[in-house]
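quick one: sequence plus predicted model below, questions after.
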Amino acid sequence: MSEHYYSVNPTSERNPQTWTFTLRGHEFRFTTDSGVFSKREVDFGTRLLIETFEEPGVAGDLLDVGCGYGPIGLALAKSFPNRRVHMIDVNERALELAQENKQANGIDNAVIYKSDLFSEVGEQRFAAVVTNPPIRAGKRVVYAIFEQSRDHLLDGGELWVVIQKKQGAPSALEKLKELFPFVEVASKKKGYYIIKAKKC
Ligand SMILES: C[S@@+](CC[C@H](N)C(=O)[O-])C[C@H]1O[C@@H](n2cnc3c(N)ncnc32)[C@H](O)[C@@H]1O
């Protein structure tokens with residue numbers, strides 16, 4: 001069976017690598033590994049999403065869906081120390097790395113746990129959901145993230161998504177317009193769209 005970065009239990013041989021990367025003006029030390037998305041540097045789209053994100057107007061926690069080794073959730077936790085950041089993924093190796101990276105970067109306002117989509121998130125609602133979604137897992141999974149994000153946002157809360165034009169940004173925009181009253185492209189660079197969708 002072929003292995004994907006969204007496997008629950010990657011079996012590929014371990015090859016951990018540690019490097020530093022600056023996000024939102026803070027230097028981070030990340031350890032990544034095989035079997036996890038974007039293992040040698042922070043993905044371009046992920047970085048654009050992190051740098052474009054603006055703090056939502058409503059009070060409340062933030063949620064990183066499909067956190068991988070943790071760049072989005074940990075960068076936002078460092079930038080917004082007064083907010084708690086939830087970070088979820090299905091990939092156990094990614095979750096282990098996210099936990100290790102949380103500790104290595106001295107972050108204490110992030111909680112990291114395994115959840116298939118929002119299955120373990122419970123009833124909590126968030127001020128913002130932020131995601132670089134697992135495009136390769138298919139449209140059904142990506143659109144489920146959009147729908148479940150809407151259901152887990154506070155009024156006035158925002159969903160921030162990065163998606164490449166060639167991976168379906170135009171149809172993702174249409175889907176988000178069906179779900180949210182306010183949708184805009186907050187940034188566009190090298191074929192990557194940062195889409196912000198706001199709930200009333
Ligand atoms: C494109 S990667 C982004 C990883 C990380 N946020 C980053 O930007 O480097 C998408 C992530 O979604 C996770 N994922 C896939 N299916 C999922 C699901 N059903 N529930 C939660 N996370 C999932 C994958 O394991 C992967 O880590």
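Okay, I see it.

which positions in this protein make contact with the ligand?
Contact residues, the chain versus the ligand (Cβ under 6 Å from any ligand atom): 5-6, 37-38, 43, 46, 66-68, 71-72, 88-91, 94, 116-117, 132, 134, 137, 141. For the C-beta atoms, the positions are set from N, CA and C on the backbone; glycine is no exception.

and the residue nearest to the spatial centre of the chain, how far from Lys114?
A centroid search over the chain (Cα atoms, centre = their mean) returns Thr131, at 3.1 Å, as the residue closest to the centre. In this view, Thr131 and Lys114 are 16 Å apart by Cβ to Cβ, to the nearest Å.

how about the strands in the protein?
Secondary structure of the chain (DSSP state E): strands located at 17-23, 26-32, 62-65, 85-89, 110-114, 126-131, 153-164, 182-189, 192-198.

on that earlier part again, quick check, the residue nearest to the centre of the chain in contact with Val65.
Yes - with contact defined as Cβ atoms under 8 Å, Thr131 reaches Val65; the gap is 4.2 Å.

pull up the overlap in contacts between the two.
Residues touching both Thr131 and Val65 (Cβ atoms under 8 Å, 6 or more residues apart in numbering) are 145, 149.

got the end-to-end distance for stretch 99-111?
With Cα to Cα, to the nearest Å as the measure, stretch 99-111 spans 9 Å from end to end.

give me the below-cutoff pLDDT ranges for the protein.
Residue ranges of the chain with pLDDT under 70: 1-3.

mind running it again at 90?
For the chain, the stretches with pLDDT under 90 are 1-12, 38-40.

who's Met87 bridged to?
Beta-bridge pairing of Met87, defined through DSSP bridges, involves Asp64, Ile112.

can you report how many residues neighbour it?
Neighbour count of Met87, defined by other Cβ atoms under 10 Å: 28.
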